[in-house]
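Chemist: Just to be clear, the model below is a prediction. Sequence and coordinates:
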Amino acid sequence: VGRRLADHSGKVDTGQLLNEGIGVFASGQPVERETRSSDGRGYIVRIHPYRTACERIEGAVVTFFDISNRRQA
């Protein structure tokens, strides 16, 4: 909370996430896609705009769903 996406590092390409986050800010439309981490795990990534009570976009909510077991099956 309160940190920029660019400040995070991890096993998923944050550069692409940052660009998608910018797109979510511009369009107000959520983004969903599948990705793989550097260790080979599969994820569904969802980026939704965070809206205030006044409907202003003031951030993004990024969720990662691990789908590795589902992909293996």
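Modeler: Nice, I can see it. Model, not experiment: these values are computed from the prediction.
Chemist: Run through the neighbouring helices and strands of the longest helix seen in the chain.
Modeler: Counting residues, the longest helix found in the chain (DSSP state H) is helix 14-27. Contacts defined by 3 or more CB pairs under 8 Å, 6 or more residues apart in numbering; DSSP states H and E place helix 14-27 against strand 31-36, strand 42-51, strand 57-66. (Each C-beta comes from the backbone N, C-alpha and C, glycine too.)
Chemist: for it, the distance to its chain's centre please.
Modeler: Here helix 14-27 is found 8 Å from its chain centre; the criterion is CA atoms, centre = their mean, to the nearest Å.
Chemist: which residues touch it?
Modeler: The contact list for helix 14-27, computed with CB atoms under 8 Å, 6 or more residues apart in numbering, reads 5-6, 8, 29-31, 33, 35, 45, 47-49, 57, 60, 62.
Chemist: Check what contacts stretch 52-71 and list those residues.
Modeler: With contacts defined as CB under 8 Å, 6+ apart, stretch 52-71 is touched by 5, 12, 17, 21, 24-25, 28, 34, 41-51.
Chemist: coming back round to it: ranking the helices and strands packed on helix 14-27 by burial, who's on top?
Modeler: Highest mean neighbour count among the helices and strands packed on helix 14-27 (mean count of other CB atoms under 10 Å): strand 42-51, with a mean of 16.
Chemist: Quick check: mean pLDDT of it?
Modeler: For strand 42-51, mean pLDDT is 92.
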